[in-house]
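Participant: Here is the input, now give the coordinates:
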Amino acid sequence: MKEYKLKINNNSYTVVIKDVTDDAVLAEVNGKKHIVHIDTIANLSTVPETQPGAHISASSPPASPPQQNTPQTTTQPGTIITPIPGQIISITVSVGEQVRTGQKLLVLEAMKLENSITATADGTVSEILVTEGEVVNQSQPLIVMT
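Facilitator: The predicted model follows:
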């Protein structure tokens, strides 16, 4: 569970993240519970943590909009790549296994959230390119399917 003290337009908010699933976050904002559904995950740049007290000015020019990443992306037909950098927590399939579209292939932890990487099409797992515990980069090939 994580708690954030935020100020938005001079209004103070206490946000407590109660639970995170593959497609939703249960958050409590100033004591009221909300379910926030996750459509996509974006790879956002933030102020580096090495600059304590860094301040973002409201008059700063807006950053260019982040590129949206879908939970699964392919580089070529049959290759599943990671949409965001993180660590492989578990691999739920094996070489030779037949999988269906949407079936969970592995779990990737990124920014303390677990993300299920799923099959983009029906097929057979022909190669697993990563191992549990491995740290992966964005757009790195994970699994090859035929």
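
Participant: Please make it C-alpha for all contacts and neighbour counts, starting now.
Facilitator: OK.

Participant: Now the residue nearest to Thr82 when sequence neighbours are not counted: phi and psi?
Facilitator: Nearest residue to Thr82, sequence neighbours excluded (CA to CA, 6 or more residues apart in numbering): Ser139, at 5.0 Å. Reported as degrees, to the nearest 10, the phi and psi values for Ser139 are phi 70, psi 10.

Participant: In this structure, which strand is the longest?
Facilitator: strand 11-20 (DSSP state E).

Participant: so who does Val144 touch?
Facilitator: Applying CA atoms under 8 Å, 6 or more residues apart in numbering to Val144 gives the contacts Gly78, Thr79, Ile80, Val125, Ser126, Glu127, Ile128, Leu129.

Participant: and it, what helix or strand is that in?
Facilitator: Secondary structure assigned from DSSP states H and E places Val144 in strand 141-145.

Participant: In its sheet, which strands sit next to that strand, and in what direction?
Facilitator: Sheet pairing for strand 141-145, assigned by DSSP bridges, gives strand 79-81 (antiparallel), strand 123-128 (antiparallel).

Participant: Averaged pLDDT, that strand. What do you get?
Facilitator: Taken as a whole, strand 141-145 has an average pLDDT of 92.
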